[in-house]
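Chemist: Requesting a structural model of the entry that follows:
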Amino acid sequence: MRWGALVLGVVLAAVLLILSSPGAAHAAAPDTPGADQEETDFYFGGVITFDDEPVPDVTMSISGNGFEAATITDAEGRWRLYVPAKETYTLVVDENTLPEGVIVDPALLTEGLQPVSGTTGSFEVEFGLTKTKIVNLFLGEGQRVTQSFVDQLLIRVVNGLNFGLLLALAAMGAALIYGTTGLSNFAHGEMVTWGALVTMIATTTFALPLWLAIVAALAAGALLGLILDAGLWRRLRHRGLGVVQLMIVSIGLSLALRYTFQFVVGGSTSQLPGASPTPIQIGPIQVSYIDLVSMGVSVAAILGVAFFLLRTRIGKATRAISDNPQLAASSGIDVDRVVRIVWVLAATLAAVSGVLWAYFRPGVRWDMGTQMLLLIFAAITLGGLGTAFGALLGALIVGVVVETSTLWIPSDLKYAGALVVLILILLVRPQGLLGRKERLG
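Modeler: Model (predicted):
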């Protein structure tokens, strides 16, 4: 029915609001440094002082390698942030929580600690030979380095376009599967993870160069799509299973693949080669060459999919099956063959998206694709169920909204912000932006 997409959007928003509720780290200063976090073997810690006096209630956060955490300094100015692995991270002092007219004094920083370019409260930190790193921060009077609202908006729009383009690759593949089979594939997130994991294993275990590892990931993605359709979905279709039954099978497949990945690679976060390049300054915008390559690859892949759908015989057959599979079959189109090609194409696009997602986060984890799954469905629903170009438009909107929303809401809620926009649009146009009005009966 025509309100089905709206109901799906409401459910997605509710689920994501529950999953993304902010942690207790933002609530109050802990009695003991680090008591508000899960303890690990690795942590950064220190004391914040001003005129030799401790500064309490200063918000500290750390991010990197797909991990984020935050805490607040105690009454003695002490803080501690646990991290999952011995990697390089970005440490941020929330300057809004500092006394008025006070900044982190660059002249009094711990030896070897340098602010991130264009800031006074952000630093790259890394461990030495031990599992702990003490970073004492001394405050001094000075003017805070800030960015104008327009500059911040430009930076987030660029990041949003980058994220939206890589999200579009996965969303277009999932939309093609839905359009030709009617299946909402909950295992699509694991197909995204698969591409990143194969690239990581190829570069670490087999020491392949990055370009060859990415080629292996694309081949592995295509092979996974072929195996899933030939070994599972085609058989279930021929047995006449309904859409709901197939969806439940896809949920079970998602869980099986996800925990198989965890069993094989473990629960830690790993990095692909060159995951933290030096940024390039273009006016107020900082981008890396990886960001530029990512956007270029995404655009090229999207153009390739558009050419496939609009100019090739298989692509036209795919659109015919999406419109009316029974009529397409009666006109001589081999539906099973076309659907299998769609599965291979969708899995390959998901693998590309996984590699780009691993660089955007950055980091490779066993459950990284699951974090993207709700956004994939949001993009498909927003653009119009079953249309690849609608999924592209929806993904771009979701990507930009996710990144720019942090100007007004906490970053913990940025994914939920995208789904709020989804609901608002579906209230006006329940079939999605490029979807068609349909009714049953």
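Chemist: Which residues belonging to the lengthiest helix in the chain are considered buried?
Modeler: Once the chain is assigned using DSSP state H, the helix that runs over the most residues is helix 149-181. Residues of helix 149-181 classed as buried under the neighbour-count rule (16 or more other Cβ atoms under 10 Å) are 154-181. To be clear about C-beta, it is placed using only N, CA and C from the backbone, and glycine gets the same treatment.
Chemist: Could you do stretch 292-305 as well?
Modeler: Buried residues in stretch 292-305 (16+ other Cβ under 10 Å): 294, 295, 297, 298, 301, 302, 305.
Chemist: repeat for stretch 82-98
Modeler: In stretch 82-98, counting by 16+ other Cβ under 10 Å, buried: 82, 83, 84, 85, 87, 89, 91, 92, 93, 95, 98.
Chemist: From start to finish, how long is it in a straight line?
Modeler: End-to-end distance for stretch 82-98, by Cα to Cα, to the nearest Å: 22 Å.
Chemist: Over to stretch 326-334?
Modeler: 11 Å.
Chemist: Buried residues of it, list them for me.
Modeler: In stretch 326-334, counting by 16+ other Cβ under 10 Å, buried: 328, 333.
Chemist: Let me know the average pLDDT across that stretch.
Modeler: The pLDDT scores in stretch 326-334 average 88.
Chemist: how far does it sit from the chain's center?
Modeler: 38 Å (Cα atoms, centre = their mean, to the nearest Å).
Chemist: Give me the mean pLDDT for stretch 194-211.
Modeler: The average pLDDT within stretch 194-211 is 94.
Chemist: What of stretch 305-312?
Modeler: Averaged across stretch 305-312, the pLDDT comes to 94.
Chemist: follow-up on the earlier one: which other helices and strands contact the next helix or strand after the longest helix of the chain?
Modeler: Sequence order places helix 188-204 as the next helix or strand after helix 149-181, per DSSP states H and E. Where contact means 3 or more Cβ pairs under 8 Å, 6 or more residues apart in numbering; DSSP states H and E, helix 188-204 is packed against helix 149-181, helix 210-228, helix 243-265, helix 335-360, helix 368-383.
Chemist: quick check: angle from the first one to helix 210-228?
Modeler: Using axes from the mean of the first three to the mean of the last three Cα atoms, to 10 degrees, the interaxial angle of helix 149-181 with respect to helix 210-228 works out to 40 degrees.
Chemist: From the contact counts, what lies against helix 149-181?
Modeler: helix 188-204, strand 285-287, helix 289-311, helix 313-323, helix 335-360, helix 368-383, helix 388-404.
Chemist: Please name the residues that touch residue 136.
Modeler: By Cβ atoms under 8 Å, 6 or more residues apart in numbering, the contact set of residue 136 is 46, 47, 48, 49, 110.
Chemist: what's the closest non-adjacent residue to it?
Modeler: residue 46 (4.5 Å; Cβ to Cβ, 6 or more residues apart in numbering).
Chemist: what about that neighbour, how many residues close to it?
Modeler: 21 (other Cβ atoms under 10 Å).
Chemist: That one: what secondary structure?
Modeler: strand (DSSP: H, G, I helix; E, B strand; the rest coil).
Chemist: in terms of contact, does it touch residue 137 like I think?
Modeler: Yes. The criterion here is Cβ atoms under 8 Å, and residue 46 meets it with residue 137 at 6.3 Å.
Chemist: Spatially nearest residue to residue 354, not counting backbone neighbours?
Modeler: Nearest one to residue 354, counting by Cβ to Cβ, 6+ apart, is residue 195 at 3.2 Å.
Chemist: How much space separates that neighbour from residue 184?
Modeler: Separation of residue 195 from residue 184 (Cβ to Cβ, to the nearest Å) stands at 21 Å.
Chemist: how distant is stretch 41-51 from the center of its chain?
Modeler: With Cα atoms, centre = their mean, you get 30 Å for stretch 41-51.
Chemist: Just the C-alpha atoms of it, please, in PDB.
Modeler: Provided in PDB are the C-alpha atoms of stretch 41-51 (Å, rounded to 0.1, in the frame of the first residue of the first chain):
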ATOM      1  CA  ASP A  41      44.600  -2.500  28.000                       C
ATOM      2  CA  PHE A  42      45.300   0.900  26.300                       C
ATOM      3  CA  TYR A  43      44.500   4.400  27.400                       C
ATOM      4  CA  PHE A  44      45.400   8.000  27.200                       C
ATOM      5  CA  GLY A  45      45.300  10.100  30.300                       C
ATOM      6  CA  GLY A  46      46.500  13.300  32.000                       C
ATOM      7  CA  VAL A  47      45.700  16.400  33.800                       C
ATOM      8  CA  ILE A  48      44.400  19.800  32.600                       C
ATOM      9  CA  THR A  49      45.600  22.800  34.600                       C
ATOM     10  CA  PHE A  50      45.400  26.600  34.400                       C
ATOM     11  CA  ASP A  51      47.800  28.800  36.500                       C
END
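Chemist: What are the contacting residues of that stretch?
Modeler: Contacts to stretch 41-51, defined as Cβ under 8 Å, 6+ apart, come from residues 33-34, 54-55, 58, 62, 73, 76-86, 89, 91, 93, 99, 102, 110, 125, 127, 131-140.
Chemist: Would you mind listing which of these are buried?
Modeler: 33-34, 55, 58, 62, 73, 77-85, 89, 91, 93, 102, 125, 127, 133, 135, 137-139.
Chemist: Which of the residues you listed fall in helices?
Modeler: Using DSSP H, none of those sit in helices.
Chemist: can you tell me which of these are in strands?
Modeler: 62, 78-83, 89, 91, 93, 102, 125, 133, 137-139 (DSSP state E).
Chemist: Could you pull up the residues touching residue 247?
Modeler: Residues near residue 247 by Cβ under 8 Å, 6+ apart: 183, 184, 186.
Chemist: Tell me, please, where in this protein the pLDDT is lower than the cut-off.
Modeler: Applying pLDDT under 70 to the chain picks out residues 1-32, 34, 105-120, 140-147, 276, 412, 436-441.
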